[in-house]
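Please find the sequence and the predicted model below.
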Amino acid sequence: MPRFRIFTNDRGTKRGIPMYSGFKDVNAPDPEAARNKTPAQFDAPNFAPAVAIHWPAKTQSDDEKAWLEEHV
């Protein structure tokens with residue numbers, strides 16, 4: 001089963017862009033199932049929605065790498 005790292009918006013915003021930090025690694029069949037493992041207090045509506053990114057870096061798509069560059 002693929003591994004994902006959950007990122008949560010606990011760092012506020014920087015120039016209007018939500019900033020995220022790594023929360024935990026989970027195994028899940030897809031990013032949505034991984035994101036659903038995020039505790040409610042770290043997800044919307046309290047913060048920007050949590051994001052699940054393939055982990056480790058060698059398994060990430062170009063879109064995931066770009067998202068990490070902008071938000072972490």
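In hand now; what should we look at?

Please enumerate the helices of the protein.
Ranges of helices within the chain are 31-35, 62-71, based on DSSP state H.

Buried deepest among those helices, which one?
Comparing the helices of the chain on average neighbours per residue, with mean count of other CB atoms under 10 Å, the densest one is helix 31-35 at a mean of 17. For the C-beta atoms, the positions are set from N, CA and C on the backbone; glycine is no exception.

Show me what that helix is packed against.
Packing partners of helix 31-35 (3 or more CB pairs under 8 Å, 6 or more residues apart in numbering; DSSP states H and E): strand 3-8, strand 51-54.

other SSEs contacting the shortest one?
Contact partners of strand 51-54 among helices and strands, from 3+ CB pairs under 8 Å, 6+ apart: strand 3-8, helix 31-35, helix 62-71.

Quick one: end-to-end distance for stretch 12-21.
Distance between the two ends of stretch 12-21: 10 Å, counting by CA to CA, to the nearest Å.
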